[in-house]
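1. I would like to see how this sequence folds:
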Amino acid sequence: MATTTHDTNLEIQDRAILVSLVTDEVKRSGIDPEYSLQELVQLAETAGVEVLEVLRQNKETPDSKWFIGKGKVEELRMAADGLGANTAIFDQELSGAQVRNLEEALDLKIIDRTQLILDIFAGRAKTREGIIQVELAQLSYLLPRLSGHGKNLSRLGGGIGTRGPGESKLETDRRHIRDRIGELKRQLDEVVKTRNLHRERRRKSGVVQVALVGYTNAGKSTLLKQLTDADVYIENQLFATLDPTSRLLELPGGKSVVLTDTVGFIQNLPHDLVASFRATLEEVNEANLVLHVVDASSPMQEEQMDVVQTILEDLGASGKPQIVLFNKSDLCRPEQLEMLPGGSGYLKVSAFNAEDLDRIKDTIQNELSGDTLSFRIPSSRGDLSSLLYRVGDVLDQSFEEDDTLYSVRVNKDDYEKWGYMLADFVNHTDQD
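-> Below you'll find the model as predicted:
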């Protein structure tokens, strides 16, 4: 459990009551408030918080002053006193004024869902890019709310809501914070330029890219590890992976592709976080194929799939070829597996089943491969012979007078780019 050491050498842990307000707008949104609250519990525990109690309130609209009703504020105060809570975490986003009013009324640290997620990301970021992205998201979120976080910033105890930028930065004036945001954006632009150069090199070299996407904790990192023997951090918790990891995956035919693990998605993913991580998430746009990993054992799998598809649409990647991997099938009851979609584009797998891993590789290969074509290349055209190896897998070759005959299983994307140079050399008489 996460603790923070202070000048007094005492270790104070966040002990929290979670609060959910179900408004008419929440009901219309289609989000299941109970499932969202379950996620909030997981998020809090991931951040090292001890969850003491959960409070719920149904209300047509949020209270402009307190967010929850005044009577519920008093109920929260009494519960906090009785349980010894030092923190209240709200499942929805609060305004700066609401945070200030709640702090004064309750004498608790007040955190909302967005700040909690940002805090988890701050603890997960390891690369320079990840650290920049998280700090940028935190400052962008906190800048309009500075007037509402007075006690949070001066309170001894640290813990959630104070990781990342740090108290000293957040207590400075708005102009200083805006300057810091500008500097972070400049640093991020440099990182993005470098990332784009790498992308362009991969494009020119004909590297085929496959992206793993999915709801947080669906098992993407485990699949990456099992498929490629990658040394990646794996833990049964939300957002165990933050920085994207790429590894070579060898397919059955001998060709290798780059398999990239991406940060997990979650409903109500903070806007500032999506904006800051856009350069990283856009790796999905560069992929030739998307593997959408779904936790088949989750009772909320359909809702989780919808969240992922919505974010892919926002990124402009919804039209990418996609294979849905219903992962964790070993945790499912037979009747659960029967209810899952089947057929082309869907696989029911376990990351710990060797046969399933082979099926995934076969499916990737088949999806990336186009038709098998025959080519008659003049022996003098070594450039075209080399190009054939670039656009697909050469299955067979033979020699006839001054020509070489090739049988090639072409890669769809590569053949679309370079096939025009080979169009006059397709040997139609040999096609089935």
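
2. residues touching Ala287, list them.
-> With contact taken as Cβ atoms under 8 Å, 6 or more residues apart in numbering, Ala287 is in contact with Gln209, Val210, Ala211, Thr260, Ala317, Lys320. (Glycine included, C-beta is placed from N, CA and C.)

3. Surely Ala88 forms part of a strand?
-> Yes - looking at Ala88 with DSSP: H, G, I helix; E, B strand; the rest coil, it is inside a strand.

4. for this protein, longest helix please?
-> Counting by DSSP state H, the longest helix found in the chain is helix 174-204.

5. burial count for the nearest residue to Ala16 once chain neighbours are set aside?
-> The shortest distance from Ala16 to any non-neighbouring residue, by Cβ to Cβ, 6 or more residues apart in numbering, is to Thr87 (4.0 Å). Neighbours of Thr87 under the rule other Cβ atoms under 10 Å: 26.

6. Can you check what pLDDT the model gives Thr87?
-> We have a pLDDT of 96 for Thr87.

7. Surely it is in contact with Arg15?
-> Yes - at 6.5 Å, Thr87 and Arg15 qualify as touching, with contact defined as Cβ atoms under 8 Å.

8. overlap in contacts of the two?
-> Taking Cβ under 8 Å, 6+ apart as the contact criterion, the common neighbours of Thr87 and Arg15 are Val49.

9. so which strand or helix has Ala388?
-> In this structure residue 388 is Leu, not Ala. In this structure, Leu388 is located in helix 382-391 according to DSSP states H and E.

10. Sorry, wrong one. I was asking about Val19.
-> Applying DSSP H and E, one finds Val19 within strand 15-22.

11. The longest helix of the chain - contacts with which helices or strands?
-> Counting contacts by 3 or more Cβ pairs under 8 Å, 6 or more residues apart in numbering; DSSP states H and E, helix 174-204 is packed against helix 128-142, helix 167-170, helix 278-281, helix 283-286.

12. need the contact list for Ile360.
-> Leu223, Leu227, Leu291, Leu325, Leu347, Val349.

13. What about those, which are in strands?
-> Using DSSP state E, the subset of those located in strands is Leu291, Leu325, Leu347.

14. Could you export those as CSV, including distance to Leu40?
-> Below are these laid out as CSV (distance: Cβ to Cβ, whole Å):
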residue, distance to Leu40
Leu291, 28
Leu325, 27
Leu347, 31
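
15. Could you chop this structure up by domain?
-> Domains of the chain are assigned by automatic domain parsing as 4-174, 207-352, 369-430.

16. how much space is there between Ile68 and Arg128?
-> Here the criterion is Cβ to Cβ, to the nearest Å. By it, Ile68 lies 40 Å from Arg128.

17. Over to Lys193?
-> Distance from Lys193 to Arg128, counting by Cβ to Cβ: 14 Å.

18. need the domains of the chain in TSV with distance to Arg180, can you?
-> As requested, the domains of the chain are exported to TSV (distance: least, Cβ to Cβ, whole Å):
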stretch	distance to Arg180
domain 4-174	6
domain 207-352	14
domain 369-430	41
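
19. For His198, which of these is the nearest?
-> Closest of those to His198 is domain 207-352, at 9.8 Å (criterion: Cβ to Cβ).

20. in this protein, what spans have low per-residue confidence?
-> Residue ranges of the chain with pLDDT under 70: 1-11, 147-173, 230-243, 279-280, 428-432.

21. Which one (most neighbours) among the contacts of Ala287?
-> Most surrounded of the contacts of Ala287: other Cβ under 10 Å gives Ala211, at 26 neighbours.
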